[in-house]
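Participant: task: produce atomic coordinates for the following.
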Amino acid sequence: MPQVQPHKRRSVELLLAENVPSLGKQGEIVQVRAGYARNYLLPQGLATVATEHNKRMVEKHKQNLAELEKKRLAELKKLADAISKYSVTIEAHANEEGHLYGSIGANDISKSLRSASFDVAPDCVRLEGPLKELAMYTVKIQLHPSVETDVKVWVVPAASK
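Facilitator: You can find the predicted model right below:
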């Protein structure tokens, strides 16, 4: 009696052109079934055949991105160093005990840093809560997950008119 060979599932190697949920991210090389590739990934433009040329191009692109990220990190570290040497002064209206009528938030600190030509977005300012008293505070600024610094924030009474 002849032996029946089990049906081998054919798979193809593809290079993802877009992020595909539950499969991989853009630029990754994945193994998928031939039908999935032929009927969905290739016609939708989500992937392309992983030729040697395409693999080299992706590697070169990844190297360029790594170089750009390295330069960006160096610039952020310079900015963090400059910010750490700077102190922000914010005028606010307060009562005699020093309690503010309003509060100072991340937007106010970001605006003051921007006016001093430091490009810091409000979501980079890490406050544990709004500043509600006249005082000197040390506020964390997180420019990147690996680049963090502190800035001194002086909340002073507004000049009377």
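
Participant: rest of the way, CA atoms for contacts and neighbours
Facilitator: OK.

Participant: Three-state assignment for the nearest residue to Ser87 once chain neighbours are set aside, please.
Facilitator: Once flanking residues are discounted, Ser87 sits nearest to Lys152: 4.7 Å by Cα to Cα, 6 or more residues apart in numbering. Secondary structure, DSSP: H, G, I helix; E, B strand; the rest coil: Lys152 is strand.

Participant: does Arg126 touch Thr138 like I think?
Facilitator: No: contact criterion Cα atoms under 8 Å: Arg126 and Thr138 do not qualify, at 10.3 Å.

Participant: am I right that Met136 is in a strand?
Facilitator: Yes: checked against three-state DSSP, Met136 lies within a strand.

Participant: this structure: helices as residue ranges?
Facilitator: Along the chain, the stretches classed as helices by DSSP state H are 34-36, 52-84, 106-115.

Participant: what's the offset of the first one from the middle of its chain?
Facilitator: In other words, helix 34-36. The chain centroid and the centroid of helix 34-36 are separated by 35 Å under Cα atoms, centre = their mean, to the nearest Å.

Participant: and the helices of the chain: which comes nearest Glu91?
Facilitator: Closest to Glu91 of these is helix 106-115 (Cα to Cα; 10.3 Å).
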